[in-house]
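Novice: here are the coordinates; sequence isn't available:
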């Protein structure tokens, strides 16, 4: 067979032999190129590319609030890819203060709000149009709840939001709904006046106008929050605005009653609405100025709440006859609790979520090898006593924490 192949090749024309050589050469080059492609592609993946992938993964873990994993990846980037731009970014993340770390991406808050607000609209919209049958409300709930959920999810997919941005939108909707309903009540939207002879009286507010005002106010608040959320919003700032608006409303209402206990309801409501807006702006501004974290805002709110509850306990104990005194005691104790919380958390509550929150409410507080003095906070409690028959019973009271130690 070998002689046959040799004889066959000897009878080929030179041009045929050259053509065969060309084909064999091309096949050989193709095989060599194919075998070399993996090595060439591997060489194209540079250290900077690998570091960039790790940096992106670490960033996502940090935004999800899993700092321990993100920290380990940042350290690995700096050790393995020290000369890359990703390593420079990783060193900056590692050396940054806790309050300067990336904001946690909110995946739940906006969806919860969207579902609840959509369900609310499912009831409010038919009510605003004066619907009386249950079918309209059933259809509203059927559409509103799922619509709010899917709408909020679509919004987050289109543009991931931090916790502060999501809270700006959700609280904007809640606050706008409250403001719309409150001002509708104050301004008397939908109120009909009937006059007979020289006497005029109101027939009462129409529920349709009130619901419509609340819908308009809520949607306006959501739009305002969405416009604010187009820029970065720290979680502490949004939480400060939220807490400031709540306590501004409460203090405004209590202050109005304290000034004039016999005033009509609209006067106290007007003061509460205005004070709430002032508190909203002041809370956000102060949180931004002093770089407050969400943890510190929560502790401050807790201090104001605990002080107010203690004041209610004092009202139950002493049972003052004056309405002004009944209001003044919880108002004063709440302000005291607020002040103590602000002072005692100064520099003690760290900005990173999940770290321990220290609240120095004891008279003597031993921690980190040092003794600090703080103003104790009144806390409601139950005190044992024995009645005339010798039976052990309990009565409400207040307590002070005199000493606390942490080792």
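Specialist: Received the coordinates, thanks. It should be emphasised that the depicted structure is a prediction, and the values quoted were computed from it without experimental measurement.
Novice: shouldn't residue 328 be in contact with residue 258?
Specialist: Yes - the pair formed by residue 328 and residue 258 meets the contact definition of C-beta atoms under 8 Å, at 5.7 Å. All C-beta spots, glycine's among them, are computed from the backbone N, C-alpha and C.
Novice: who touches both of these two?
Specialist: Residues touching both residue 328 and residue 258 (C-beta atoms under 8 Å, 6 or more residues apart in numbering): there are none.
Novice: Which parts of the stretch 51-200 of the chain are strands?
Specialist: Using DSSP state E, counting those that start in this stretch, the strands of the stretch 51-200 of the chain run over 193-196, 199-202.
Novice: Pop the domain breakdown of this protein in here.
Specialist: For the chain, automatic domain parsing gives the domain ranges 48-96, 107-190+205-232, 234-292.
Novice: those helices in the chain, which residues are they?
Specialist: Residue ranges of the helices in the chain, as given by DSSP state H, are 2-10, 14-44, 47-63, 67-80, 85-95, 109-128, 134-158, 163-187, 207-228, 235-259, 265-289, 294-318, 323-344.
Novice: Quick check: buried residues in stretch 261-277?
Specialist: By neighbour count, with 16 or more other C-beta atoms under 10 Å as the criterion, the buried positions of stretch 261-277 are 268-273, 275-277.
Novice: Nearest to residue 318, out of the domains of the chain?
Specialist: With distances scored as C-beta to C-beta, the stretch of the domains of the chain nearest to residue 318 is domain 234-292 (17.1 Å).
Novice: Now for the closest residue to residue 62 other than its chain neighbours: which residues touch it?
Specialist: For residue 62, ignoring the flanking residues on the chain, the nearest one in space by C-beta to C-beta, 6 or more residues apart in numbering is residue 70 at 3.9 Å. By C-beta under 8 Å, 6+ apart, the contact list for residue 70 reads 58-59, 61-62, 93.
Novice: Now for those residues: which two are most distant?
Specialist: The two members of the contacts of residue 70 with the most space between them (C-beta to C-beta) are 61 and 93, at 11.1 Å.
Novice: what sits against residue 174?
Specialist: Residue 174 makes contacts with 113, 218, 221, as judged by C-beta under 8 Å, 6+ apart.
Novice: Repeat the analysis, applying 10 Å as the threshold.
Specialist: Residue 174 is in contact with 113, 116-117, 120, 218, 221-222, 225, 242, 245, counting by C-beta atoms under 10 Å, 6 or more residues apart in numbering.
Novice: Now neighbour count, pLDDT and distance to residue 164 too, for those, in TSV please.
Specialist: As requested, these are exported to TSV (neighbours: other C-beta atoms under 10 Å; pLDDT from 0 to 100; distance: C-beta to C-beta, whole Å):
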residue	neighbour count	pLDDT	distance to residue 164
113	21	92	14
116	17	93	20
117	24	95	19
120	21	93	23
218	24	95	20
221	23	96	16
222	22	96	16
225	23	95	11
242	24	93	10
245	25	95	15
